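# how would this look folded up:
(one chain, ligands or ions: 2)
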Amino acid sequence: MSGLFITFEGPEGAGKTTQMKLLHDFLLQNQIPCTVVREPGGTIIGDKIRSILLNPLYTEMTSTTEILLYAASRAQLVEEKIVPALEQGHVVLCDRYIDSSIAYQCYGGRGEKNEVVQVNQLATHHLLPKRTYLLDLTIKQGQMRLEKRGMSKDRMELKDASFHERVRKGYLELSKANEERFLIIHGEKTIEEVYSEILCDFKQLFRV
Ligand SMILES: Nc1ncnc2c1ncn2[C@@H]1O[C@H](COP(=O)(O)OP(=O)(O)OP(=O)(O)O)[C@@H](O)[C@H]1O
Ligand SMILES: Cc1cn([C@H]2C[C@H](O)[C@@H](COP(=O)(O)O)O2)c(=O)[nH]c1=O
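Ligands and ions are numbered 1, 2, ... in the order given. Model prediction:
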(Lines give C-alpha, C1' and ligand atoms only; values in the text may rest on other atoms or scores of the structure.)
(Ligands and ions follow the chains in the order given, each with its own letter.)
Protein backbone atom coordinates (compact mmCIF):
# COMPACT_ATOMS: atom_id res chain seq x y z
CA MET A 1 0.00 0.00 0.00
CA SER A 2 1.45 3.33 -1.03
CA GLY A 3 -0.36 5.74 1.33
CA LEU A 4 0.60 6.97 4.78
CA PHE A 5 -1.45 5.96 7.83
CA ILE A 6 -1.38 8.33 10.81
CA THR A 7 -3.33 8.14 14.06
CA PHE A 8 -4.03 10.63 16.85
CA GLU A 9 -4.37 9.33 20.39
CA GLY A 10 -4.69 10.63 23.91
CA PRO A 11 -6.98 11.02 26.89
CA GLU A 12 -10.23 12.98 26.79
CA GLY A 13 -9.91 16.60 25.68
CA ALA A 14 -6.20 16.35 24.81
CA GLY A 15 -6.68 18.16 21.49
CA LYS A 16 -6.74 15.33 18.93
CA THR A 17 -9.63 16.68 16.85
CA THR A 18 -8.17 20.21 16.86
CA GLN A 19 -4.78 18.99 15.63
CA MET A 20 -6.22 16.63 13.05
CA LYS A 21 -8.19 19.49 11.55
CA LEU A 22 -5.07 21.66 11.30
CA LEU A 23 -3.08 18.91 9.60
CA HIS A 24 -6.03 18.18 7.31
CA ASP A 25 -6.12 21.86 6.28
CA PHE A 26 -2.39 21.70 5.52
CA LEU A 27 -2.89 18.62 3.33
CA LEU A 28 -5.76 20.26 1.44
CA GLN A 29 -3.79 23.48 0.92
CA ASN A 30 -0.90 21.46 -0.49
CA GLN A 31 -3.19 19.30 -2.62
CA ILE A 32 -2.05 16.11 -0.93
CA PRO A 33 -4.74 13.43 -1.34
CA CYS A 34 -6.08 12.60 2.09
CA THR A 35 -8.84 10.84 4.00
CA VAL A 36 -9.93 11.78 7.50
CA VAL A 37 -11.78 9.33 9.74
CA ARG A 38 -12.58 8.86 13.41
CA GLU A 39 -13.24 5.98 15.77
CA PRO A 40 -15.56 4.59 16.79
CA GLY A 41 -17.49 5.43 13.62
CA GLY A 42 -16.39 6.75 10.26
CA THR A 43 -18.79 4.48 8.34
CA ILE A 44 -22.59 4.14 8.40
CA ILE A 45 -22.30 0.89 10.36
CA GLY A 46 -19.57 2.28 12.60
CA ASP A 47 -21.61 5.37 13.43
CA LYS A 48 -24.48 3.13 14.57
CA ILE A 49 -22.04 1.20 16.77
CA ARG A 50 -20.71 4.53 18.11
CA SER A 51 -24.18 5.61 19.17
CA ILE A 52 -24.52 2.38 21.19
CA LEU A 53 -21.03 2.56 22.71
CA LEU A 54 -21.25 6.15 23.86
CA ASN A 55 -24.89 6.20 25.00
CA PRO A 56 -24.76 7.03 28.74
CA LEU A 57 -27.98 5.07 29.31
CA TYR A 58 -26.30 1.73 28.50
CA THR A 59 -24.66 1.31 31.91
CA GLU A 60 -25.23 -2.46 31.75
CA MET A 61 -22.78 -2.93 28.84
CA THR A 62 -20.30 -5.68 29.72
CA SER A 63 -16.59 -5.16 29.14
CA THR A 64 -16.53 -7.99 26.57
CA THR A 65 -19.36 -6.37 24.60
CA GLU A 66 -17.48 -3.06 24.74
CA ILE A 67 -14.24 -4.63 23.42
CA LEU A 68 -16.06 -6.39 20.59
CA LEU A 69 -18.11 -3.35 19.55
CA TYR A 70 -15.03 -1.12 19.31
CA ALA A 71 -13.30 -3.84 17.29
CA ALA A 72 -16.36 -4.28 15.02
CA SER A 73 -16.49 -0.57 14.24
CA ARG A 74 -12.75 -0.68 13.51
CA ALA A 75 -13.07 -3.74 11.23
CA GLN A 76 -15.69 -1.97 9.13
CA LEU A 77 -13.63 1.23 8.94
CA VAL A 78 -10.42 -0.55 7.96
CA GLU A 79 -11.99 -2.52 5.10
CA GLU A 80 -14.44 0.10 3.89
CA LYS A 81 -12.35 3.27 4.16
CA ILE A 82 -8.76 3.00 5.39
CA VAL A 83 -7.36 0.24 3.17
CA PRO A 84 -8.95 1.59 -0.06
CA ALA A 85 -7.64 5.09 0.74
CA LEU A 86 -4.13 3.80 1.42
CA GLU A 87 -4.24 1.80 -1.82
CA GLN A 88 -5.02 5.06 -3.65
CA GLY A 89 -1.95 6.65 -2.05
CA HIS A 90 -3.82 8.87 0.41
CA VAL A 91 -2.56 10.20 3.70
CA VAL A 92 -5.09 8.76 6.15
CA LEU A 93 -5.65 10.68 9.40
CA CYS A 94 -7.53 8.66 11.99
CA ASP A 95 -8.83 10.08 15.30
CA ARG A 96 -8.16 7.10 17.64
CA TYR A 97 -7.39 3.52 16.59
CA ILE A 98 -6.15 0.27 18.14
CA ASP A 99 -4.13 2.02 20.91
CA SER A 100 -7.39 3.45 22.27
CA SER A 101 -8.67 -0.09 22.78
CA ILE A 102 -5.53 -1.09 24.67
CA ALA A 103 -5.50 2.08 26.77
CA TYR A 104 -9.25 2.22 27.53
CA GLN A 105 -10.40 -1.40 27.50
CA CYS A 106 -7.20 -2.98 28.95
CA TYR A 107 -5.63 -0.37 31.22
CA GLY A 108 -8.84 1.55 32.00
CA GLY A 109 -11.29 -1.36 31.97
CA ARG A 110 -8.79 -4.05 32.98
CA GLY A 111 -9.52 -6.27 29.97
CA GLU A 112 -7.02 -9.03 29.18
CA LYS A 113 -4.40 -7.45 26.91
CA ASN A 114 -3.58 -10.51 24.79
CA GLU A 115 -7.25 -11.09 24.04
CA VAL A 116 -7.86 -7.47 23.06
CA VAL A 117 -4.76 -7.48 20.85
CA GLN A 118 -5.90 -10.70 19.14
CA VAL A 119 -9.42 -9.44 18.47
CA ASN A 120 -7.96 -6.26 17.03
CA GLN A 121 -5.46 -8.07 14.85
CA LEU A 122 -8.45 -9.83 13.33
CA ALA A 123 -10.35 -6.54 12.97
CA THR A 124 -7.46 -4.69 11.31
CA HIS A 125 -5.76 -7.50 9.39
CA HIS A 126 -2.68 -6.45 11.38
CA LEU A 127 -2.70 -2.95 9.86
CA LEU A 128 -0.79 -0.51 12.09
CA PRO A 129 -0.18 3.21 11.59
CA LYS A 130 3.19 4.49 10.47
CA ARG A 131 3.00 7.31 13.04
CA THR A 132 0.89 7.84 16.17
CA TYR A 133 0.73 11.32 17.67
CA LEU A 134 0.05 10.89 21.38
CA LEU A 135 -1.24 14.10 22.92
CA ASP A 136 -0.58 13.72 26.62
CA LEU A 137 -2.50 15.81 29.12
CA THR A 138 -3.41 15.50 32.80
CA ILE A 139 -6.90 14.15 33.35
CA LYS A 140 -7.80 17.28 35.31
CA GLN A 141 -6.79 19.60 32.46
CA GLY A 142 -8.66 17.48 29.91
CA GLN A 143 -11.81 17.55 32.03
CA MET A 144 -11.56 21.31 32.46
CA ARG A 145 -11.35 21.73 28.69
CA LEU A 146 -14.37 19.50 28.11
CA GLU A 147 -16.37 21.34 30.77
CA LYS A 148 -15.49 24.62 29.06
CA ARG A 149 -16.65 23.11 25.73
CA GLY A 150 -19.97 22.53 27.50
CA MET A 151 -21.28 19.30 25.90
CA SER A 152 -22.97 16.58 27.99
CA LYS A 153 -20.71 13.64 28.91
CA ASP A 154 -20.87 10.34 27.03
CA ARG A 155 -20.69 6.84 28.57
CA MET A 156 -16.88 6.72 28.50
CA GLU A 157 -16.37 10.30 29.70
CA LEU A 158 -18.59 9.49 32.67
CA LYS A 159 -16.19 6.82 33.96
CA ASP A 160 -14.41 7.83 37.17
CA ALA A 161 -11.10 9.68 37.44
CA SER A 162 -9.12 6.54 38.36
CA PHE A 163 -10.28 4.86 35.12
CA HIS A 164 -9.01 7.84 33.12
CA GLU A 165 -5.73 7.95 35.08
CA ARG A 166 -5.15 4.29 34.12
CA VAL A 167 -5.92 5.15 30.49
CA ARG A 168 -3.29 7.89 30.53
CA LYS A 169 -0.73 5.56 32.15
CA GLY A 170 -1.59 2.95 29.52
CA TYR A 171 -0.87 5.35 26.69
CA LEU A 172 2.47 6.31 28.19
CA GLU A 173 3.46 2.65 28.56
CA LEU A 174 2.35 1.89 25.01
CA SER A 175 4.41 4.77 23.68
CA LYS A 176 7.52 3.54 25.50
CA ALA A 177 7.05 0.04 24.10
CA ASN A 178 6.56 1.36 20.53
CA GLU A 179 9.00 4.26 20.33
CA GLU A 180 9.53 3.95 16.57
CA ARG A 181 5.83 4.63 15.95
CA PHE A 182 4.82 7.06 18.71
CA LEU A 183 5.56 10.75 19.03
CA ILE A 184 4.49 12.11 22.43
CA ILE A 185 3.50 15.75 22.50
CA HIS A 186 2.67 17.66 25.66
CA GLY A 187 -0.95 18.62 25.17
CA GLU A 188 -0.80 21.53 27.60
CA LYS A 189 1.26 23.52 25.10
CA THR A 190 -0.65 26.03 22.98
CA ILE A 191 -2.55 24.79 19.95
CA GLU A 192 0.06 26.46 17.71
CA GLU A 193 3.02 24.88 19.56
CA VAL A 194 1.50 21.40 19.38
CA TYR A 195 0.70 21.82 15.70
CA SER A 196 4.20 23.01 14.89
CA GLU A 197 5.67 19.81 16.42
CA ILE A 198 3.24 17.65 14.49
CA LEU A 199 3.82 19.49 11.21
CA CYS A 200 7.59 19.31 11.58
CA ASP A 201 7.43 15.54 12.14
CA PHE A 202 4.88 15.05 9.35
CA LYS A 203 7.06 16.91 6.84
CA GLN A 204 9.99 14.64 7.62
CA LEU A 205 7.81 11.56 7.36
CA PHE A 206 6.17 12.60 4.11
CA ARG A 207 9.15 14.53 2.75
CA VAL A 208 7.19 17.68 1.80
N1 LIG B 1 -3.52 23.09 23.14
C2 LIG B 1 -4.71 23.49 23.59
N3 LIG B 1 -4.81 24.44 24.55
C4 LIG B 1 -6.01 24.83 25.03
N5 LIG B 1 -7.20 24.35 24.60
C6 LIG B 1 -7.16 23.41 23.63
C7 LIG B 1 -5.93 22.93 23.09
N8 LIG B 1 -6.22 21.99 22.16
C9 LIG B 1 -7.55 21.88 22.13
N10 LIG B 1 -8.13 22.73 23.00
C11 LIG B 1 -9.57 22.89 23.28
O12 LIG B 1 -9.93 21.82 24.15
C13 LIG B 1 -11.20 21.27 23.78
C14 LIG B 1 -11.00 19.79 23.39
O15 LIG B 1 -10.23 19.74 22.19
P16 LIG B 1 -10.44 18.58 21.12
O17 LIG B 1 -11.89 18.41 20.82
O18 LIG B 1 -9.54 18.86 19.98
O19 LIG B 1 -9.90 17.36 21.97
P20 LIG B 1 -10.07 15.81 21.71
O21 LIG B 1 -8.83 15.18 22.19
O22 LIG B 1 -10.45 15.55 20.29
O23 LIG B 1 -11.31 15.49 22.67
P24 LIG B 1 -12.16 14.12 22.77
O25 LIG B 1 -11.52 13.32 23.82
O26 LIG B 1 -13.55 14.61 23.13
O27 LIG B 1 -12.13 13.45 21.44
C28 LIG B 1 -11.71 22.14 22.62
O29 LIG B 1 -12.58 23.09 23.14
C30 LIG B 1 -10.44 22.77 22.05
O31 LIG B 1 -10.69 24.03 21.47
C1 LIG C 1 -11.56 3.96 19.48
C2 LIG C 1 -11.86 3.78 20.93
C3 LIG C 1 -12.42 4.80 21.66
N4 LIG C 1 -12.68 4.63 22.96
C5 LIG C 1 -13.33 5.72 23.72
C6 LIG C 1 -12.51 6.96 23.87
C7 LIG C 1 -13.53 8.05 23.99
O8 LIG C 1 -13.98 8.10 25.34
C9 LIG C 1 -14.67 7.54 23.12
C10 LIG C 1 -14.66 8.15 21.74
O11 LIG C 1 -15.04 9.48 21.83
P12 LIG C 1 -14.25 10.66 21.05
O13 LIG C 1 -14.91 11.91 21.56
O14 LIG C 1 -14.51 10.44 19.59
O15 LIG C 1 -12.81 10.60 21.38
O16 LIG C 1 -14.49 6.14 23.02
C17 LIG C 1 -12.43 3.42 23.58
O18 LIG C 1 -12.72 3.24 24.79
N19 LIG C 1 -11.88 2.41 22.87
C20 LIG C 1 -11.58 2.54 21.56
O21 LIG C 1 -11.06 1.56 20.92
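# So the lowest-mean-pLDDT helix or strand in the chain, near ligand 1 or not?
When the helices and strands of the chain are scored by mean pLDDT, DSSP states H and E, helix 139-149 comes last with a mean of 93. Yes. Using Cβ under 6 Å from any ligand atom, helix 139-149 reaches ligand 1 at 145, 149. C-beta: built from backbone N, CA, C; applies to glycine.
# Any idea how far that helix is from the middle of the chain?
18 Å (Cα atoms, centre = their mean, to the nearest Å).
# repeat for stretch 151-163
16 Å.
# Helices of the chain, start to end?
Taking DSSP state H to define them, one finds helices in the chain at 16-29, 44-53, 63-77, 83-87, 98-100, 113-124, 139-149, 161-177, 191-206.
# ok, of the ones you listed, where does mean pLDDT dip lowest?
Least confidently modelled of those is helix 139-149, at a mean of 93 by mean pLDDT.
# Mind putting the helices of the chain into TSV with mean neighbour count and distance to E9?
As requested, these are arranged in TSV below (neighbours: other Cβ atoms under 10 Å; distance: least, Cβ to Cβ, whole Å):
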stretch	mean neighbour count	distance to E9
helix 16-29	17	7
helix 44-53	17	17
helix 63-77	20	14
helix 83-87	17	19
helix 98-100	24	5
helix 113-124	16	14
helix 139-149	14	13
helix 161-177	17	6
helix 191-206	15	13
